[in-house]
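Novice: Fold the following for me, if possible:
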Amino acid sequence: MPILNNFNRVVIALGGNALGDTPEEQIAKVRAAAPILLKVISKGNEIIITHGNGPQVGMIQNAFAAANEASNGKYPKLDLPECGAMSQGYIGYHLQQAIGVAMHKEYKRWHVATVITQMEVDPEDPSFAHPTKPIGAFMTKEQADAELIAHPDWTIVEDSGRGYRRVVASPDPKKIVEVESILNLLDNEFIVIACGGGGVPVVRDYSDKGAYKGVAAVIDKDMGGELLAEECHADMLVLLTAVDHVAINFGKPNQEELYDITVDQARAYLEAGEFGKGSMEPKVRAAIKFCESLPGRSCIIGSLEKAAEAIEGTSGTRIHA
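Specialist: As a prediction, the model looks like this:
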């Protein structure tokens, strides 16, 4: 029995790596995913789409850095907030076109829009004092020293013998700046694409009447998607990744795939260290937070390739209270 039939509003999160490494790959992948997304709507649901952007932000940032170096500074480098906003724009553009093609084939006339989304974070978040998230290209020691002279506020560390990389903070998301715009679009029957890459991190600048300003940081995309689901009053959060199910004892002879687990079971597995720090752990944490935010909420973690089956309840891992 389809498990989404009783839900009205669903946030669907696409992983950044699942979108491909080039614009051409991304177009192909989102065109394959678009009919699956429309299938959710055909069951009477509203959907909000969010997505990762790690590979895409890296591509944008590296391209500007290469242009800067090749032109002896004629072309500027671009810092992380601007790269994040640019990635939201072009990924949203590809998704809009792919959904448009799928709608045309199904003779649907729904509307779709991308919201370039800012995510307010706390400037006192502890992660700003201890940045750990690597971004940008690898550098030699000489390049790293030069960057630190040009940008004394940066933190650059040696990365496992492969060179030097800049690291930034990964603060917790606190507020979606554009949430009212997103809700207004939903109320007017739009398919909304928002909070790409967790949103562009911003803080209040009280030297400028409290206006927002971007900060060089990376918000965990799963936690950004979770907050999007909460603030949009979603009933279900769907996190699509590279595997069909969450598993314990991953990569071992006794690996066990999980199909239906409670929040308490998920938390116990987390505390036992069953999930990869940079892969499955943040997804399970986001799932737990969402499921506990209101009674009756649940989360599915599954693969993009089997998203239709996950939506029908025959694939993926369901987490619930």
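Novice: Which parts of the stretch 51-200 of the chain are helices?
Specialist: Using DSSP state H, counting those that start in this stretch, the helices of the stretch 51-200 of the chain run over residues 54-70, 80-106, 141-150, 179-187.
Novice: which residues touch the closest residue to residue 219 other than its chain neighbours?
Specialist: The spatial neighbour of residue 219 that comes closest, neighbours along the chain excluded (Cβ to Cβ, 6 or more residues apart in numbering), is residue 198 at 3.2 Å. Where C-beta positions appear, they are placed from N, C-alpha and C, glycine not excepted. Taking Cβ atoms under 8 Å, 6 or more residues apart in numbering as the contact definition, residue 198 lies against 119, 173, 218, 219, 220, 221, 222, 223, 224, 225.
Novice: Could you look up the SS state of residue 11?
Specialist: Look at residue 11: counting by DSSP: H, G, I helix; E, B strand; the rest coil, its state is strand.
Novice: For it, which non-adjacent residue is spatially closest?
Specialist: Ranked by Cβ to Cβ, 6+ apart and with sequence neighbours excluded, the top spatial neighbour of residue 11 is residue 229, at 4.0 Å.
Novice: quick one: the one you found from residue 30, how far?
Specialist: 21 Å (Cβ to Cβ, to the nearest Å).
Novice: more neighbours, the two?
Specialist: With other Cβ atoms under 10 Å as the criterion, residue 229 and residue 30 differ in neighbour count, and residue 229 comes out ahead with 29 against 26.
Novice: hang on, isn't the more buried one packed against residue 46?
Specialist: No - Residue 229 sits out of contact with residue 46 when judged by Cβ atoms under 8 Å, with a separation of 12.0 Å.
Novice: How about residues contacting stretch 243-255?
Specialist: Contacts with stretch 243-255, where a contact means Cβ under 8 Å, 6+ apart, come from 256-259, 261, 269, 274-276, 280, 283-284, 301-303, 306, 315-317.
Novice: Out of these, list just those in strands.
Specialist: For these, membership in strands holds for 256, 257, 261, 301, 302, 303, 317, with DSSP state E as the criterion.
Novice: As PDB, could you dump the C-alpha coordinates of the lowest-mean-pLDDT helix or strand in the chain?
Specialist: Ranking every helix and strand in the chain by mean pLDDT, DSSP states H and E puts helix 307-312 at the bottom, with a mean of 74. The C-alpha atoms that make up helix 307-312 are tabulated as PDB, following Å, rounded to 0.1, in the frame of the first residue of the first chain:
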ATOM      1  CA  ALA A 307      12.800   6.700  -5.400                       C
ATOM      2  CA  ALA A 308       9.500   5.500  -6.900                       C
ATOM      3  CA  GLU A 309       9.700   2.300  -4.900                       C
ATOM      4  CA  ALA A 310      10.600   4.400  -1.800                       C
ATOM      5  CA  ILE A 311       7.600   6.600  -2.400                       C
ATOM      6  CA  GLU A 312       5.400   3.500  -2.700                       C
END
